[in-house]
Structure formats: C-alpha cells, structure tokens
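[1] quick one, structure for this:
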Amino acid sequence: INAVFVQVRPSADELYPSKLVPWSNVLTGTQGKDPGYDPLAFMIEEAHKRGMEFHAWFNPFRASTGSSTAGFASNHVAKAHPDWIINFDSKLYINPGIPNARQAVINEVMEVVNNYNIDGVHLDDYFYPYGESATKKFNDDATYKQYNATTIANKGDWRRSNINDFVKKLGQSIDAVKPAVSYGV
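    A predicted model of the protein is given here:
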C-alpha cells in the first residue's frame, strides 16, 4: 500500500478541528462534539510514518444522508444556511447553484490544504443528485433564475457549468498554495 484515501468530509462535517464546520458525528456519535484529539493529524502522521501518501476525500455538496436536521450542530450548513439546502429524495444537499455555497465548500477544503500536510484532495461525485424524474425534482428553479447571469438556456448545462466552475476554482486554489498536491474527482 503506497497511499490511503480517507473521507474527511462525510456530510458537511469534518474529521478534524475546523473553524468553519462541526466535528463529524462518526467520531463521537454527536455532531459538533470534540473527540479530544485531531484524527486527521493522527492519520496523516501514521500514513507518512509508513511511507504512504495521505489523500483527503471530500463529499462537497452532501449535507446529510437523511432529511432531518435534528442532532445537527448549530454551525452545520443546514442550520447556518437553510436557504442553501435542498431536500431531495429524503437527503439534504447544499445547492451548487448558489455561488456563496460553492465558495464556502472551497473554503472548507482549503482549510485542510492550508493546515495539513496532505498529498491529495479528491472529491466524491456527489454534486447534483441522480434520479430526477417528472415527479421527483431537485428544486433549484428559483436558484436557476436568480444565478443564471449568463442566461444558459438549459438547466442541465447551467448545472454542469456550476460544477465546472467549482472544480476549476478549487483546483486553482489548491495549486496556488500547494502545487504538488494531487487533485481529482
């Protein structure tokens, strides 16, 4: 084994002490509860000690695998910015059509890039949800109207443009700070 990939952002929460988002509930059972150490620093140190690269894996726009915000820390995006959240198929998503939401995710990823000796940043393809149908819609019509400044005629093309913009800006941000860090989706 020459590299480990670890999901450090499961559902708009983190496996490291963050100034931007809460601790993940996977660490203690309670979102926002400090486990008493820095799991990310520990994992990076142990990987590097063994001659392995450490790659941080992020779910950029998944806010929750359920639809309830009960148990969320007050600084979880679904509570701090409920206007950025879309409930689709009983899951909560951060709306990638909102420029400030995209930038917030970039800032959160860059918090790791700036503060940890990681070897890579990788994104899960959890952008816009799969499985839309005539009766099951990702409700971003208002966002499409509000933020479609370039008047892209097709919502699918507009969504792809949002993700392309996000991926490009994040890549540029990483490269500006640590050009040796691998980056992929």
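[2] hey, where'd the strands end up in this protein?
    3-9, 53-58, 62-64, 85-88, 91-94, 120-123, 182-184 (DSSP state E).
[3] can you redo the ones you listed as CSV with mean pLDDT, mean neighbour count and distance to Lys79?
    For every residue, glycine as well, the C-beta is placed using N, CA and C. Shown next, in CSV, are these (pLDDT from 0 to 100; neighbours: other CB atoms under 10 Å; distance: least, CB to CB, whole Å):
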stretch, mean pLDDT, mean neighbour count, distance to Lys79
strand 3-9, 96, 17, 17
strand 53-58, 98, 20, 20
strand 62-64, 94, 23, 10
strand 85-88, 96, 20, 9
strand 91-94, 96, 22, 11
strand 120-123, 97, 19, 24
strand 182-184, 96, 15, 30
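[4] nearest the geometric middle of the protein, what residue?
    Centroid-nearest residue in the chain: Pro60, 2.1 Å away (criterion: CA atoms, centre = their mean).
[5] how about that residue, nearest residue that isn't a chain neighbour?
    Val105 (4.9 Å; CB to CB, 6 or more residues apart in numbering).
[6] next one: Thr30
    Gly71 (7.5 Å).
[7] how about the contacts made by the one you found?
    Shown in contact with Gly71 (CB atoms under 8 Å, 6 or more residues apart in numbering): Asn25, Thr30, Gln31.
[8] from the contact counts, what lies against the longest helix along the chain?
    Looking across the chain with DSSP state H, the single longest helix is helix 155-177. Helix 155-177 makes packing contacts with helix 99-115, strand 120-123, strand 182-184 when contacts are defined by 3 or more CB pairs under 8 Å, 6 or more residues apart in numbering; DSSP states H and E.
[9] now it: average pLDDT?
    Across helix 155-177, the average pLDDT comes to 96.
[10] got a list of contacts for it?
    Under CB under 8 Å, 6+ apart, the answer for helix 155-177 is 60, 96-97, 102-103, 105-106, 109-110, 113-114, 121, 123, 127-128, 140, 144, 148, 150, 152, 181, 183, 185.
[11] many thanks, have a good one.
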